[in-house]
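> sequence and computational prediction follow.
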Amino acid sequence: MLDRILTGRRLGELIDDLGQSRRIVGPVRRGEHFFYEKVRRASELDLGFNFCVYSPKAFLFPPTETLFRFHQASGAFETEPVYDQRPLALVGVHPCDLNAIRLLDHAFANRHRDEHYLTRRRKTLIVAVDCPRPCTEGVFCHDMKGNEAATGFDLMCYPLGRAEGNGDETFGVVFGTDAGRELALYTQAGRPPTVEDERSYERYSADKQAAFPRMIPFDVDSLPQLLDRSYDSLLWEATARRCYSCGSCNLSCPTCYCFNTYDEPTLRLRDGERRREWDGCQLRGFAEVAGGHNFRAKAASRLRHRIYRKGKWIKEREGIAGCVGCARCDRACTARINSVEIYNQLAEER
Amino acid sequence: MPVLESDAAAPLLSLYQPQLAEITLVRKLTAFENLFTLRLSSGRPLGHAPGQFVQVAVLGVGECPISICSSPTRPETFELCVRRVGEVTEHLHRLEEGAVIGIRGPLGHGFEVSELHGKDILIVAGGLGIAPVRSLIHYILDERERFGAFHLLYGARSPEELLFRDELPVWRDNPKVNFHVTVDRPDAQWRGRSGVVTTLFPQLPPLDAATTVVVIVGPPIMFKFVVLEVLSRGIPQKNVLCSLERRMKCGVGKCGHCQANNVYVCLEGPVFRYGQLKALREAIE
């Protein structure tokens, strides 16, 4: 059921309204590729983008951020936590990345609440755009159930087709939260959906179902059991032989949230910051302790760890899939290691 | 999205902000290990369970996980045995009494002492592993009437690497502890036993499998051999406890470094039952 109909032009105006009170981040074309970037007005965005090279994760969980500042004085010191309270609107988020953000939300709130992430996330409004078809070759979002998102957005915009004449997109909009509802209704953007719009949305959904191929010959729900049988497979060693342990897969993954912490003193040395930065389980020193013992010294054990975490452990721990099938890891891999290939080979081991 | 909601009236609490603690005493234990006695600047006790750890911060340098080696039965201060092995510990060793450092914690899942009450206890410690179990040793000694027989086996590489050397004779002379110590590589002065820690097992009386809990802390290589010894004596796996070491940054199950397969050692551990670890292939590989 749709809640609202918006033309592309009206959606742009809505985004510009949002820009009065929030930073706007959305897909921007850079040469042949798209990136999530901060923009000043909606006209800089391209909501018809295929995919963004990186997910919008960096705007919720920045590559580096300050956790607290410290100041040393007369033997003792003071610390002051830092929270990013600036309101943000993430525009043009695809279902795969919505599902990834849902996992991040859960992971940072689970058991111990990480208010550095959660504060930024609470201040974020998400205007999602659905994918009518695979954004590029090699994605396996359909297999991972990552190409649909029923929650995790404030507004979801389904591109129902272009109007004859001016070619403006018609978006069927669903409200995900009260904030989304208020935004659309308060600004009186668009119009209520008609029966014809609902039919159009049904056709859209049916076409979408048919448009996404299956890349992996088993149901994702059986992936944990499949992995259970493959812990000692030679596939890990064989595949990892060509891994450079560069961490590009981690860097580009929308669900990777491991981090390192470090201190950055000022030149005065009496003040400074505790910061965190993204870390990656594929990097050689990730599990190494002081003294030199490395609990995952081999590339094969690191690769297996990543695939198990994405395919089994995160799902088991957090109840949310650890992989959304966006294939950014596969596109980023400097050694052409391919997760679809790995999953297919695992299936053959059955 | 309910997970995002928080109590608007409550101040935001950072998981990563340390509290202050003053170093009240520094004792040199070996060429590489110092024992730091600390008191929280808040005046409150640390409130830990034996086997838990803290994140120790030297501001401007960084943070590292250190297990607490004192018992909560002596709450005025707490003690950390720190090996000089990395950047943070290198700086810690330069600090003197009166210096203030950052502490986060207590963190992790330690020994559930209430479950140990009434049990016979066998502790097997190797190398630096004596530090985390010392919190339990002191707890047992302070609450001795709550426990049955108490056996303590400790192995170090060489006599000069033995930790808590002033306490070893006290434990040996204490009639309520069955204490044995060995070194792998004795020197000319060493009059005690030599060999790895498992060579001490013949010194033990027959263990009552129904009432004995075994605690094993040491380098990864030690676990397998000690677990074999205790299982061969009929101790059920659920009564074998191990404490693991891992790289840890956040200490609260977020940063990912300490994972052993699907388990966050900083959350579910560092103390585990052997039955749990058996399923974790990376735990004692």
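Perfect, I can see it now.
> so which bits of the stretch 1-150 of chain B are right by chain A?
In this structure, the stretch 1-150 of chain B approaches chain A at residues B:1, B:3-6, B:12-18, B:20, B:41, B:57, B:59-64, B:83, B:85-87, B:89, B:98-100, B:102, judged by C-beta under 8 Å from any C-beta of the partner chain. The way it works is simple: take the backbone N, C-alpha and C, and place the C-beta from them, glycine included.
> and the helices in the stretch 101-250 of chain B?
Secondary structure of the stretch 101-250 of chain B (DSSP state H, counting those that start in this stretch): helices at B:113-116, B:130-142, B:168-173, B:220-232.
> correction: the previous question concerned the stretch 1-150 of chain A.
A:8-18, A:95-109, A:115-122.
> among the ones you listed, which is the most enclosed?
Highest mean neighbour count among the helices of the stretch 1-150 of chain A (mean count of other C-beta atoms under 10 Å in any protein chain shown): helix A:95-109, with a mean of 24.
> helix A:115-122 and that one, what's the angle between them?
140 degrees (axes from the mean of the first three to the mean of the last three C-alpha atoms, to 10 degrees).
> what is the burial count for the residue lying closest to residue A:18 once chain neighbours are set aside?
Among residues not flanking residue A:18 along the chain, residue A:89 sits closest, at 4.6 Å (C-beta to C-beta, 6 or more residues apart in numbering or on different chains). Around residue A:89 there are 24 other residues, counting by other C-beta atoms under 10 Å in any protein chain shown.
> what sits against residue A:89?
Contacts for residue A:89 (C-beta atoms under 8 Å, 6 or more residues apart in numbering or on different chains) come out as A:15, A:18, A:19, A:22, A:23, A:24, A:25, A:124, A:125, A:126, A:127.
> repeat that for residue A:26.
A:15, A:36, A:37, A:39, A:42, A:45, A:47, A:90, A:91, A:92.
> in chain A, spot the helix with the most residues.
Longest helix in chain A by number of residues (criterion: DSSP state H): helix A:195-211.
> re the thing from before, and the residue nearest to residue A:18, how far from residue B:256?
29 Å (C-beta to C-beta, to the nearest Å).
> what of residue A:145?
With C-beta to C-beta as the criterion, residue A:145 and residue B:256 are 24 Å apart.
> likewise for residue A:338?
23 Å.
> between those two, which one's more packed in?
residue B:256 (24 against 18).
> so what's residue A:208 up against?
In this structure, residue A:208 makes contact with A:130, A:131, A:132, A:133, judged by C-beta under 8 Å, 6+ apart.
> residue A:37 now?
A:25, A:26, A:28.
> would you check that the first one makes contact with residue A:59?
Just to be clear, that refers to residue A:25. Yes. Counting by C-beta atoms under 8 Å, residue A:25 does reach residue A:59; the two are 5.2 Å apart.
> any common contacting residues for these two?
A:36, A:88, A:90.
> separation between the residue nearest to residue B:159 when sequence neighbours are not counted and chain A?
Closest residue in space to residue B:159, ignoring its immediate chain neighbours: residue B:190 at 4.8 Å, by C-beta to C-beta, 6+ apart. According to C-beta to the nearest C-beta, to the nearest Å, residue B:190 stands 25 Å off from chain A.
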